[in-house]
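S.K.: No sequence on hand, only this structure:
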């Protein structure tokens, strides 16, 4: 730190406690929000939702009362949010055109400078690991395949996995499914080592599923090179859990989505994609046990790939794809926003250099 002193420290929203290092070494401090501006607005607003209640909690150390929940001591969470608002700026993985209202509200609040710098995703990079997948996709017609993935950290129940399999089969559409073992299955390792039937179907999928869908479906274990898959011309839709990174990757590649959120801010993301931006359709029918049934899945896949609604969404997401690319071009919104951060850092560097002689 002394020999090659940096000018600024950037942490994500889970590393806010590290901002104390920036104070110790007199560095600029920035927080990078990997989600969107709407989520950030909620986070920054939370400590003010009931000032009297929070004062009692922080000053008098009384438990925080949350309707419908037992009293909870979460002073550390609020402390982290307050620390974030004291940063020199917050970088957000979004851009002006996709969230104009939320970004305007954040800027008008003038609590902390906001810098939309997105969309930021990993670039497409072909590797030997995805040859088999890409070879299969190369054989499929343009925009004919629904890509199904719930991210690298999400799992479904056994019942939901079975309903998803039946829904994909009943849709009669081409699919590429990253099928992680269900929640109740503790087995690890290779996908095909999980107790397959005679036709190679894993034991938690319907009997004969692999044989019945082998002419139009590909199922792989645990992981796939998502950016490479979404960039392939045969992909016509993405059934996603609505993690923000996945949403960004889908928008950048112009792939319409089926929004199936599971937890955390994913429900907010799904609402934005479906109701505000118009680049996805959402799950509308859920059974009493919380499972999305096969008929609903069949219907959603058909809509996104074949129906008029899917064509409208595809047209809208192509527009947003162009907007996303434009935002990163020199002279446009996100490029300019990140340039402002760079200028602040340069100014701070020169100021520090002068003060140190």
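M.R.: Yep, that arrived. What you see is a predicted model, and the numbers here were worked out from it, not measured in a lab.
S.K.: burial of the closest residue in space to residue 171 that isn't next to it in sequence, as a residue count?
M.R.: Leaving aside its chain neighbours, residue 171 sits nearest to residue 301 (4.1 Å; criterion: Cβ to Cβ, 6 or more residues apart in numbering). For every residue, glycine as well, the C-beta is placed using N, CA and C. Here the number of neighbours of residue 301 (other Cβ atoms under 10 Å) works out to 25.
S.K.: what's the answer for residue 206, then?
M.R.: Neighbours around residue 206, by other Cβ under 10 Å: 17.
S.K.: State the distance from the spatially closest residue to it that is not a sequence neighbour to residue 321.
M.R.: Using Cβ to Cβ, 6+ apart and skipping the chain neighbours, the partner closest in space to residue 206 is residue 165 (5.4 Å). Computed as Cβ to Cβ, to the nearest Å, the residue 165 to residue 321 distance reads 31 Å.
S.K.: need the helices for the stretch 1-150 of the chain, in chain order.
M.R.: Ranges of helices in the stretch 1-150 of the chain, per DSSP state H, counting those that start in this stretch, are 19-24, 37-45, 51-59, 75-85, 100-109, 131-138.
S.K.: Figure out which of these is closest to residue 339.
M.R.: helix 100-109 (16.9 Å; Cβ to Cβ).
S.K.: quick one: the closest one to chain centroid distance?
M.R.: Offset of helix 100-109 from its chain centre (Cα atoms, centre = their mean, to the nearest Å): 21 Å.
S.K.: for it, which positions count as buried?
M.R.: 102-103, 105-106 (16 or more other Cβ atoms under 10 Å).
S.K.: Who are the packing partners of it?
M.R.: helix 37-45, strand 114-116 (3 or more Cβ pairs under 8 Å, 6 or more residues apart in numbering; DSSP states H and E).
S.K.: neighbour count winner among residue 165 and residue 321?
M.R.: Shown here are residue 165 and residue 321; by other Cβ under 10 Å, residue 165 has more neighbours (26 against 18).
S.K.: Would you point out the most distant pair within the buried residues of helix 100-109?
M.R.: Greatest spatial distance among the buried residues of helix 100-109 (Cβ to Cβ): 103 and 105, at 7.3 Å.
S.K.: For the residue positioned nearest the centre of the chain, give me phi and psi.
M.R.: Most central in the chain under Cα atoms, centre = their mean is residue 244, positioned 1.8 Å from the mean C-alpha point. Phi and psi for residue 244, reported as degrees, to the nearest 10, are phi -60, psi -40.
S.K.: Not counting sequence-adjacent ones, nearest residue to it?
M.R.: residue 35 (4.6 Å).
S.K.: swap in residue 150?
M.R.: residue 241 (4.4 Å).
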